[in-house]
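Student: Just need the structure, nothing else, for what follows:
(chains A, B, C and D)
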2 protein chains.
Amino acid sequence: MDNSLEVCKGKLIHKDSVNKVINSLPKDNFLNRLADFFKIFGDSTRIKIIYSLYYSELCVCDLVAVIGISQSGISHQLRTLKQMGIVKNRRKGKTMYYSLDDQHIFEILKSGFAHISHV
Amino acid sequence: MDNSLEVCKGKLIHKDSVNKVINSLPKDNFLNRLADFFKIFGDSTRIKIIYSLYYSELCVCDLVAVIGISQSGISHQLRTLKQMGIVKNRRKGKTMYYSLDDQHIFEILKSGFAHISHV
DNA sequence: TTAACATATGAATATATGCTCATATATTAT
DNA sequence: ATAATATATGAGCATATATTCATATGTTAA
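Tutor: Okay, here's the model as predicted:
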């Protein structure tokens, strides 16, 4: 019986390193949440929304004007952003105002910002 | 002639805020690159690769063992990571070793890490 | 040179995602 | 109550993405 890791035919895997890494990797559940978190920033429309709300609280209609996709499209994105805890909203009459629920989010955006800028 | 922003029917948009935001938004080209940058972290396989390589240089075969998708799948992801400047590689005989080309990348991962952890 | 192995790549596929259209809901004004 | 406005939501569509399969390329050993 051969219990070595049979990934590649030669089995000349770097077993120690591999096992160490396997043991240090966070659980899949966590990594999936991490991926989902970063997916938020992986779309320019959402980046624009976050960017905009960083400057001021805005209503849906404002965001439509700023970003230039349909009201429905904005609404859909705002819903996902709200579900992810990125934005919050308050209603005033017919108008729904959105703002950042977590200012720290913007720091993460900026770190990517910085990375893109000087590379 | 009416040159107000006709997004919503009532035109009762917050024109000042909207214009200010429009003027401060970075160019689309830049925001798209920013989105593409964050897309890297928006997939758990790529996160696993980055995470693994943070601990040690590994060959493709090792990563297959760690992550558990096909060799081809790993290779494809490594190619995109290389194109994005995240990893570099060196060949030793038949084996191709990959490592992080930019350690700072891991800091960004960790910031997301932290955000997920205490929210 | 031939065989074996490690990795890379093109094609195909299944799923995810972002957007729009049509329509529903919520709120206010008449 | 009815109309008008602002936003939300479900369905559908087109595109993007992650993965696998089959195969090509590069390298070493026999």
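
Student: quick one: low-confidence ranges for chain A?
Tutor: A:1-7, A:9-12, A:119 (pLDDT under 70).

Student: Quick check: residues of it near DNA strand C?
Tutor: A:8-12, A:39, A:42-46, A:69-70, A:72-73, A:76-77, A:80, A:91, A:93-94 (Cβ under 7 Å from any atom of the strand). In this view, the C-beta of every residue, glycine as well, is placed from N, C-alpha and C.

Student: Kindly recompute the last result at 10 Å.
Tutor: A:6-14, A:35-36, A:39-46, A:48-49, A:64, A:67-77, A:80, A:91-96 (Cβ under 10 Å from any atom of the strand).

Student: And the helix or strand containing A:Ser52, what does it pack against?
Tutor: A:Ser52 belongs to helix A:44-55 when assigned by DSSP states H and E. Other helices and strands packing on helix A:44-55, by 3 or more Cβ pairs under 8 Å, 6 or more residues apart in numbering or on different chains; DSSP states H and E, are helix A:60-67, helix A:71-83, strand A:87-92, strand A:95-100, helix A:104-117, helix B:15-24, helix B:28-39.

Student: one more time with 6 Å
Tutor: helix B:28-39 (3 or more Cβ pairs under 6 Å, 6 or more residues apart in numbering or on different chains; DSSP states H and E).

Student: how close does A:Glu107 get to A:Val21?
Tutor: A:Glu107 sits 29 Å away from A:Val21, going by Cβ to Cβ, to the nearest Å.

Student: Between these two, which has more neighbouring residues?
Tutor: With neighbours defined as other Cβ atoms under 10 Å in any protein chain shown, A:Glu107 and A:Val21 compare such that A:Val21 has more, 23 against 12.

Student: for that one, what are its contacts?
Tutor: Counting by Cβ atoms under 6 Å, 6 or more residues apart in numbering or on different chains, A:Val21 makes contact with B:Ser52, B:Tyr55, B:Val66.

Student: Might one say that the first one is in contact with B:Ala65?
Tutor: So that's B:Ser52. No. Counting by Cβ atoms under 6 Å, B:Ser52 stays clear of B:Ala65, with 10.0 Å between them.

Student: Report the spatially nearest residue to A:Asp101, omitting neighbours in sequence.
Tutor: A:Lys88 (4.0 Å; Cβ to Cβ, 6 or more residues apart in numbering or on different chains).

Student: List the contacts of stretch A:96-107.
Tutor: Counting by Cβ under 6 Å, 6+ apart, A:Leu53, A:Tyr54, A:Glu57, A:Cys59, A:Val60, A:Leu78, A:Gly85, A:Ile86, A:Val87, A:Lys88, A:Asn89, A:Arg90 sit against stretch A:96-107.
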